[in-house]
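Trainee: here is the input, now give the coordinates:
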Amino acid sequence: MSNMKTWFWFSGFIVSTLFAVHANAQQCHSCLDVNQVYQVDGTPANCHLLCRGHAIAGLGCFQKLSDHIVHLQQINRVVSDRNEAWPKPFNCADRQLYFQTLDPMLETGWKSACVFNSRYFVDGTAELNQAGKIKVAAIMRNYPVGQKAFYLERDRPVKLSDERLAALKNSVEQWYGLDHVTEIAFTDRGPLSGDGTRAASISKNYINSLPDPVIPVEDLGSSLDAGN
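Mentor: Numbering: from 1, shown residues only. Below you'll find the model as predicted:
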């Protein structure tokens, strides 16, 4: 009789425990939740014990935990392989990140180098002068594929600008074809290089502003001879 009563009380205890654990487990949104979990009575819950109760109740919490561990192991393998192969996996990404800020500047520079204005045409006409012909040849012969473009700076009168753009296109098509030309259009940007006469003047003024050289004394000279 005493054995039956003991078994009855033990069975009741097991059932009560399962229901209590199941009720507390409902407070846990996920057994893998990193946030603090609280029981119904407001005290912190042990999520690991709740998972054990979940598993006993047949709710599959152990399976979720197992899947999470497998996922962490996969991440660990990837990180380990990546660290062992360093720096090769990062070279390309670092190079792309470095040039990411330079690409717009490079593109703008190529575009500016392809700009024509009135200095490349005979005054008052749509005919390319010698400088214009040389620049067309330089773009088509020397510029890389993808950067062979022609831009004409907007100017007045509008009719003359339209005629010059058409003449520029006809010249390129006649001499080299348009197969590798990316664009022929108007632009509001001026040419990259300035007037050749002005550049020569700047270079001459720079040279003239240099001080006279001084011959060192050890070379049988004297600082007093400078400029003589």
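
Trainee: for the protein, what spans make up the strands?
Mentor: Residue ranges of the strands in the chain, as given by DSSP state E, are 115-116, 149-153, 183-187.

Trainee: residues touching the first one, excluding its own?
Mentor: So the one you mean is strand 115-116. Contacts of strand 115-116 with the rest of the structure, by C-beta atoms under 8 Å, 6 or more residues apart in numbering, involve 132, 135, 150-153, 164, 168, 187, 189-192. Where C-beta positions appear, they are placed from N, C-alpha and C, glycine not excepted.

Trainee: that older thread, out of the strands of the chain, which gets nearest to Pro89?
Mentor: Each of the strands of the chain was checked against Pro89 via C-beta to C-beta, and the shortest separation belongs to strand 149-153, namely 36.1 Å.

Trainee: give the partner strands of that closest one in its sheet and their orientations.
Mentor: Strand 149-153 pairs in its sheet with strand 115-116 (parallel), strand 183-187 (parallel), by DSSP bridges.

Trainee: what's the closest of the ones you listed to Val70?
Mentor: Distances from Val70 to each of these were compared using C-beta to C-beta; the shortest belongs to strand 183-187, at 53.5 Å.

Trainee: for the closest one, buried residues please.
Mentor: Applying a neighbour-count criterion of 16 or more other C-beta atoms under 10 Å, the buried positions in strand 183-187 are Ile184, Thr187.

Trainee: could you do stretch 123-138 as well?
Mentor: By 16+ other C-beta under 10 Å, the buried positions in stretch 123-138 come out as Ala126, Leu128, Gly132, Lys135, Val136.

Trainee: pLDDT below threshold where in the protein?
Mentor: For the chain, the stretches flagged by pLDDT under 70 are 1-62, 192-197, 216-228.

Trainee: show me the helices in it, by range?
Mentor: If DSSP state H is used as the criterion, the helices of the chain fall at 2-25, 47-56, 61-84, 88-100, 103-113, 130-142, 158-175, 196-209.

Trainee: would you turn those into a markdown table with distance to Thr182?
Mentor: Compiled in a markdown table, the helices of the chain are given as follows (distance: least, C-beta to C-beta, whole Å):
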| stretch | distance to Thr182 |
| --- | --- |
| helix 2-25 | 65 |
| helix 47-56 | 61 |
| helix 61-84 | 39 |
| helix 88-100 | 20 |
| helix 103-113 | 10 |
| helix 130-142 | 11 |
| helix 158-175 | 12 |
| helix 196-209 | 27 |
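
Trainee: and the residue lying closest to Val122 once chain neighbours are set aside, how far is that from Phe121?
Mentor: Nearest residue to Val122 in three dimensions, chain neighbours excluded: Asn129, at 5.2 Å (C-beta to C-beta, 6 or more residues apart in numbering). Using C-beta to C-beta, to the nearest Å, one obtains 6 Å as the distance from Asn129 to Phe121.

Trainee: again, but for Asn170
Mentor: From Asn170 across to Phe121, the span is 13 Å (C-beta to C-beta).

Trainee: quick one, domains of this protein?
Mentor: Structurally, the chain divides into domains by automatic domain parsing as follows: 2-75, 105-187.

Trainee: outside of stretch 187-206, which residues touch it?
Mentor: Taking contacts as C-beta under 8 Å, 6+ apart, the residues outside stretch 187-206 that touch it are Gly109, Lys111, Ser112, Ala113, Val115, Phe116, Asn117, Arg119, Tyr151, Leu152, Glu153, Arg154.

Trainee: pull the number of nearby residues for Leu152.
Mentor: Neighbourhood size, Leu152 [other C-beta atoms under 10 Å]: 24.

Trainee: could you do Pro157 as well?
Mentor: Look at Pro157: counted by other C-beta under 10 Å, it has 8 neighbours.
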